[in-house]
Structures are given as C-alpha cells and as structure tokens.
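**Student:** Here's my sequence, what's the structure:
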Amino acid sequence: MILYALRFYFKHKLSLRETKQELKIRFTKINPHSHVTILKWANKLSYLLSISLLNPTFNLSSCWPVWCIVETVIKINGLKYYLIVVLDYYSGCVISWFLSTIRDAQSAQYPLSLAKQITKSSPNFIISDHALNIILAVVSCFNNSTSHFQVDLYFSNTFYNNKLERFFSNIKSKLISRKTFKSFNSAVAFFVVLFYLHNTSKSTPYIPQLSKTTLVRSFLLCLA
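**Tutor:** You can find the predicted model right below:
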C-alpha cells in the first residue's frame, strides 16, 4: 500500500486525498489510511532517499552538447525562493539544480559549475530566456567559450524554449496539489526525489546510480 501511495503521489502527481481514494479502490478489504499518514510516508521517503541522492555518481558515456538553464519561483514557509535547474536539452535529464533566496548571477552560476563538475565537460550551447542574471552567470562560468542562445517562448531560429516551459509546468502542477513547504530541508528532500524519478523516466544512462538495497530500506523505513 505504501509503494502504491508513493507512486500515485510522486509519479502521477495526485493530491493526498486523491491518493487516498485510489488506495481505497485498489485495497477494498483494508481501511485506507488518512491523507496525513500518506503525507508522512512521502516526507519520510523524501528525507531518506535524499541522503543517498544528494551526492550522486553519474555513468557518463558521451558529451553533453546542449544544456538548458531555467528558473522559477517557489514558496517555502511563505518566503520566496528561486529554483534554478540545468537540463540536458535532448534527453530532458536534470543535471544539476539549486535553491536560492536571491536572484543574482552567483546563484545561477552555482548549478552551472556543478553541472560541469558532474559531467566533467562543458556544453557547446546553452539555452535560456533573457534573464540578466543567467546571461552574466554563463559568461562568468564559461568565459565566452560556449554559445549562449536567449530564446523566446516556443520560438527560436535554432532551439526552442518549450521544453523548459513544459518541464516547469509539470513541476508547478505537482506543487499545486500540496501545501507550501514548511522548511528549506523538506523542499530540498522533495526535489531530490522528484528529479530522481524524472531522470529515471528518461531513456538515458545519465542518472544517479542508487542501489536496490538503499531503495528497499528507505521504503521499509516509511513504516516506522
């Protein structure tokens, strides 16, 4: 039941009450747990898995020629935070990300530097919108050695921005079904698991390597 609940909540983006209804339909002979219990399962799983996934190792077999960097605003305990994500353009895999209280060039430069460290390479092209902080971050991180395309929504001569917008629209739809994060740590744990599940759904080897033992142990500890 826990496995189904977590799958509905994280993968299929159902709300807590919708997840409870799905469990009631699937497990007809068992009284479903409350939506508060389901939230506790999700929070505990996020925390346990984030410990293993915060320092991932990647299996790299080729270069990463095109990256996208995009940012959006989320709320943590009523305060505004900026979520900055670096993706591989072709696979849609999340390479790196960062949560910042300030929208400046340094906060945008950090996930770019982390992506270079993880992939051990630099992209041929970077795609973003026209945000000034991202433009300055790209120049500072790559010293004009990488071509930077600032594109408009759904239109560009070479690359399109719709992949970036669709990626964040999926995240926004998931956040709408849950209340605001109560702490910075809970937000980090949530996004670690969410991006891990996002990467594993892609047909790419560029995902963190996590042992089955760690997964099973984390699921079982949700019972505690």
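
**Student:** helices and strands of this protein: which one bottoms out on pLDDT?
**Tutor:** In the chain, no helix or strand scores lower on mean pLDDT, DSSP states H and E than helix 212-221, which sits at a mean of 56.

**Student:** Run through the neighbouring helices and strands of the helix or strand hosting residue 118.
**Tutor:** According to DSSP states H and E, residue 118 maps onto helix 105-119. In terms of contacts (3 or more C-beta pairs under 8 Å, 6 or more residues apart in numbering; DSSP states H and E), helix 105-119 is packed against strand 66-76, strand 79-88, strand 94-100, helix 132-142. Any C-beta I mention is one placed from the backbone N, CA and C, and that applies to glycine too.

**Student:** could I get these as JSON lines with distance to residue 7 and mean pLDDT?
**Tutor:** What follows is the helices and strands packed on helix 105-119, written out as JSON lines (distance: least, C-beta to C-beta, whole Å; pLDDT from 0 to 100):
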{"stretch": "strand 66-76", "distance to residue 7": "23", "mean pLDDT": "87"}
{"stretch": "strand 79-88", "distance to residue 7": "23", "mean pLDDT": "89"}
{"stretch": "strand 94-100", "distance to residue 7": "20", "mean pLDDT": "88"}
{"stretch": "helix 132-142", "distance to residue 7": "34", "mean pLDDT": "89"}
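
**Student:** May I see those organised as TSV, with distance to residue 198 and mean neighbour count added?
**Tutor:** Output for the helices and strands packed on helix 105-119, formatted as TSV (distance: least, C-beta to C-beta, whole Å; neighbours: other C-beta atoms under 10 Å):
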stretch	distance to residue 198	mean neighbour count
strand 66-76	14	19
strand 79-88	9	20
strand 94-100	6	20
helix 132-142	21	19
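
**Student:** Done for today, thanks.
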